[in-house]
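In: Got a predicted structure here, sequence first:
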Amino acid sequence: MDDATRGRTRRNRRPTEDERLLARPRANTDFLSTDTWRVLRIMGEFVDGFEALADVGPAVTIFGSARVGPDDPLYQTAVDVARTLGEAGFTIITGGGPGIMEAGNRGAREAGARSVGLNIELPFEQHLNPYVDTSVTFRYFFVRKMMLVKYAQAFIIFPGGFGTLDELFEALTLVQTGKVRNFPIILFGSAYWSGLLTWLRETVLPARKIAAADVDLLIVSDSIEEVRDLIVRSTYDAQWRAGTEAAAQEVTRRVLARRSERGEAGGND
């Protein structure tokens, strides 16, 4: 595609609802284009999501790159992980798109487990993969992200890019601040994640931007069976992760308390 064609595509495409919401405010008397109207649409998306997912039961959300094809060994591994979890009684939730998301839904389908895809409206087309049983398409990323967390007992994070990292660090923040409890965050593929873990331990930790207890929130695995066993354990033993999570939460509490005593503004970062 040449530059001229790209330019025409950008001009002709319809802006997504996320784009409209995040656009700079401007004078507008059309109620259907105001942020007030968007609040009602956002509320409707929450209602749709709650109704569609209320009965999913124990579930695991799987994240990973949309750029992985079926011929990639990682794709088959994700299928096997999802199938193994499905056979253990878990619903599989993904973003509903291609790549690792498709592999997760495919594994659920092969296990006869419920396969959920939570799709997102994008400026370019992203269709639901063919292995989704229950689907919801969202206009707003933050509503979708809420659903991906709310109905899951754990996250499995396969190798991925910005979107995957976004979900990873949001989940870590939720656990670190006590918003979510007894919630394993599993990084699958030690070779891929080793660089990130090294950076956290050797750069971020010495700079005192996180604590050692925060890094401990991450579980790294290369074993399908280990992942299954970890999630089963967390489902039936609510105290298993309690000590690890409490340690990270206590460090965060102490840091914020010291800042408050010194009269410093700001939240968790």
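Out: Yes, it's here. Numbers count the residues shown, from 1 in each chain.

In: Give me the below-cutoff pLDDT ranges for the stretch 51-200 of the chain.
Out: Residue ranges of the stretch 51-200 of the chain with pLDDT under 70: 125-126.

In: Do a quick rundown of the helices in it.
Out: 73-87, 100-111, 141-150, 162-176, 190-199 (DSSP state H, counting those that start in this stretch).

In: Point out the most buried one among the ones you listed.
Out: Neighbour counts (mean count of other C-beta atoms under 10 Å) averaged over each of the helices of the stretch 51-200 of the chain peak at helix 100-111, with a mean of 27. Using the backbone N, CA and C atoms, a C-beta is placed for each residue, glycine as well.

In: Run the chain-centre distance for that helix.
Out: 16 Å (C-alpha atoms, centre = their mean, to the nearest Å).

In: isn't residue 252 right up against residue 177?
Out: Yes. Applying C-beta atoms under 8 Å as the test, residue 252 and residue 177 come out as touching, 6.1 Å apart.

In: which of those two has more neighbours?
Out: residue 252 (19 against 15; other C-beta atoms under 10 Å).

In: Please identify which helix or strand holds that one.
Out: According to DSSP states H and E, residue 252 maps onto helix 242-261.

In: Buried residues in that helix, which are they?
Out: Of all the residues in helix 242-261, those buried under the rule 16 or more other C-beta atoms under 10 Å are 245, 247, 248, 249, 251, 252.

In: Distance-wise, check the fifth one relative to residue 214.
Out: What it means is residue 251. 7 Å (C-beta to C-beta, to the nearest Å).

In: what does the second one give?
Out: For residue 247, the distance to residue 214 under the criterion C-beta to C-beta works out to 9 Å.

In: which outside residues touch stretch 241-258?
Out: Residues from elsewhere that reach stretch 241-258 (C-beta atoms under 8 Å, 6 or more residues apart in numbering): 175-178, 181-184, 211, 213-214, 216-217, 234, 267-268.

In: hang on, the earlier thing: so which of the helices of the stretch 51-200 of the chain is nearest residue 123?
Out: Residue 123 sits nearest to helix 141-150 of all those, at 12.4 Å, using C-beta to C-beta.

In: was I right about residue 131 contacting residue 105?
Out: Yes. Residue 131 is in contact with residue 105 according to C-beta under 8 Å; the separation is 3.8 Å.

In: Common neighbours of those two, please.
Out: residue 115.

In: if we can go back for a sec, any of the contacts of stretch 241-258 buried? List them.
Out: 175, 176, 182, 183, 184, 211, 213, 214, 217, 234.

In: what's the most distant pair in those residues?
Out: So, these by C-beta to C-beta: farthest apart are 211 and 234, at 21.9 Å.

In: Could you identify the least confident member of the buried residues of helix 242-261?
Out: Among the buried residues of helix 242-261, residue 252 carries the lowest pLDDT, at 87.

In: That one and residue 140: what is the separation?
Out: As defined by C-beta to C-beta, residue 252 lies at a distance of 28 Å from residue 140.

In: go on, residue 120?
Out: 8 Å.

In: now residue 128
Out: From residue 128 to residue 140 the distance is 18 Å (C-beta to C-beta).

In: next one: residue 204
Out: 30 Å.

In: which non-adjacent residue is nearest the spatially most central residue of the chain?
Out: Taking C-alpha atoms, centre = their mean, the centroid of the chain lies closest to residue 167, which sits 3.5 Å from it. Once flanking residues are discounted, residue 167 sits nearest to residue 63: 5.0 Å by C-beta to C-beta, 6 or more residues apart in numbering.

In: residues near that neighbour, how many?
Out: Going by other C-beta under 10 Å, the residues that sit close to residue 63 add up to 26.

In: can you list the buried residues of helix 242-261 in a markdown table and add distance to residue 72?
Out: Formatted as a markdown table, the buried residues of helix 242-261 follow (distance: C-beta to C-beta, whole Å):
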| residue | distance to residue 72 |
| --- | --- |
| 245 | 33 |
| 247 | 37 |
| 248 | 34 |
| 249 | 37 |
| 251 | 38 |
| 252 | 37 |
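
In: From these, pick the one nearest residue 92.
Out: Among those, residue 245 lies closest to residue 92 (C-beta to C-beta), at 23.8 Å.
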